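Undergrad: Okay, here's the prediction I keep looking at, along with the sequence it came from:
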Amino acid sequence: MNLFDFELTNKDLDPLEDRLRSQLGKLPDVTRRAYYTEITPRLRDPDTYVVLCWSVGLLGLHHLYLGRWLAFVRDLIAGICVMVVLIFWLLHGEWAYSAWLFVVAVAVTLFDTLYSLIFSQRIVQKHNIMLGLTWLVQNGHSLEAGTSTDPLSPLIIGTIQQNDRRLGLLLTIGATLLIGIIWLFYAFALPMIAERITFVLPKESILIVDEQKADMAIDRMKSFSGSALPHAHHQGSRGVTPLVGSRGETPGTLIF
């Protein structure tokens, strides 16, 4: 099974789903009706799962939707840490010793939300399949227990869990590379681009040193409309006020 196969998320679960459907087809009508009566309210929808990830993923309610209490508590604690640190920063204006806590909490929340969004179909499909297979076993229906083809055998379950870890590792590598590229662009590429643009631009576009050049720059901007001030007031407002230093010298002028 190739890790980079785009169909990886279905290849290990589709056979189990086919086995479940085949087993359900062998059940008597009464038993099958009892199965759907009990299982249907407990089945989960991938779209609802995704909506919970987008809306309240910070609180981990998408895990609560699937009954995964430990994951819910983990995300809830991480989300509370993020909000508490942000409130502390807003009130005091400093991170103090909470910066690392904030980084770890954001990383946990962000990774879990991305994983849940990207692999939502797989997560919900596995939940629904395991729900049906467990019901069959608990009600005494044979699933070839103890054989290599048993859908609940440690070998098959271990393979599914191993694929989950591989997908998580792949997502971690991808997210790390993306963050690294963004950081490299911000730390190195952006200053280099800004420096080159600074040298390419004409001097007049960077610094206006006197009133005449200010008038020329304003005349080039066609978006300015005419002044509504009286003509005499308009002429008086275009004067030049000297900047007086601490010893009485005039190092420059301030243009209105």
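TA: Looks like it came in fine.
Undergrad: now the strands: where do they sit in the protein?
TA: 240-243, 252-255 (DSSP state E).
Undergrad: Where among the ones you listed is average confidence lowest?
TA: Ranked by mean pLDDT, these end with strand 252-255 at the bottom, a mean of 42.
Undergrad: where does the stretch 151-256 of the chain dip in pLDDT?
TA: Along the stretch 151-256 of the chain, segments meeting pLDDT under 70 span 151-155, 198, 201-256.
Undergrad: how's this protein carved up into domains?
TA: Domain ranges of the chain: 8-195, 206-255, per automatic domain parsing.
Undergrad: Quick check: residue 82 touching residue 105?
TA: Yes: contact criterion Cβ atoms under 8 Å: residue 82 and residue 105 qualify, at 4.7 Å. C-beta: built from backbone N, CA, C; applies to glycine.
Undergrad: ranking the domains of the chain by burial, who's on top?
TA: Comparing the domains of the chain by mean neighbour count (mean count of other Cβ atoms under 10 Å), domain 8-195 comes out on top with a mean of 14.
Undergrad: any idea how far residue 17 is from residue 57?
TA: Distance of residue 17 to residue 57, computed by Cβ to Cβ, to the nearest Å: 27 Å.
Undergrad: can you give me phi and psi for residue 12?
TA: phi -90, psi -10 (degrees, to the nearest 10).
Undergrad: Show the pLDDT at it.
TA: On the pLDDT scale, residue 12 gets 77.
Undergrad: Let me know whether it touches residue 163 as I believe.
TA: Yes: applying Cβ under 8 Å, one finds residue 12 in contact with residue 163, separated by 5.4 Å.
Undergrad: Tell me the helices and strands packed up against the lengthiest helix in the chain.
TA: Using DSSP state H to define each element, the chain has its longest helix at helix 154-184. Applying 3 or more Cβ pairs under 8 Å, 6 or more residues apart in numbering; DSSP states H and E, we find helix 154-184 packed against helix 8-11, helix 99-118.
Undergrad: elements contacting the longest one?
TA: The one in question is helix 99-118. helix 46-56, helix 69-92, helix 154-184.
Undergrad: CA-only coordinates of that helix in CSV, if you can.
TA: Provided in CSV are the C-alpha atoms of helix 99-118 (Å, rounded to 0.1, in the frame of the first residue of the first chain):
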residue,chain,number,x,y,z
ALA,A,99,4.5,32.0,25.1
TRP,A,100,5.5,28.4,25.0
LEU,A,101,2.2,27.2,26.4
PHE,A,102,0.4,29.3,23.7
VAL,A,103,2.6,27.8,20.9
VAL,A,104,2.0,24.2,22.0
ALA,A,105,-1.7,24.7,22.5
VAL,A,106,-2.1,26.3,19.1
ALA,A,107,0.0,23.5,17.4
VAL,A,108,-2.1,20.8,19.0
THR,A,109,-5.4,22.5,18.1
LEU,A,110,-4.3,23.4,14.5
PHE,A,111,-2.9,19.9,13.8
ASP,A,112,-6.0,18.2,15.1
THR,A,113,-8.4,20.5,13.2
LEU,A,114,-6.4,20.1,9.9
TYR,A,115,-6.3,16.3,10.3
SER,A,116,-10.0,16.1,11.1
LEU,A,117,-10.9,18.3,8.1
ILE,A,118,-8.7,16.6,5.6
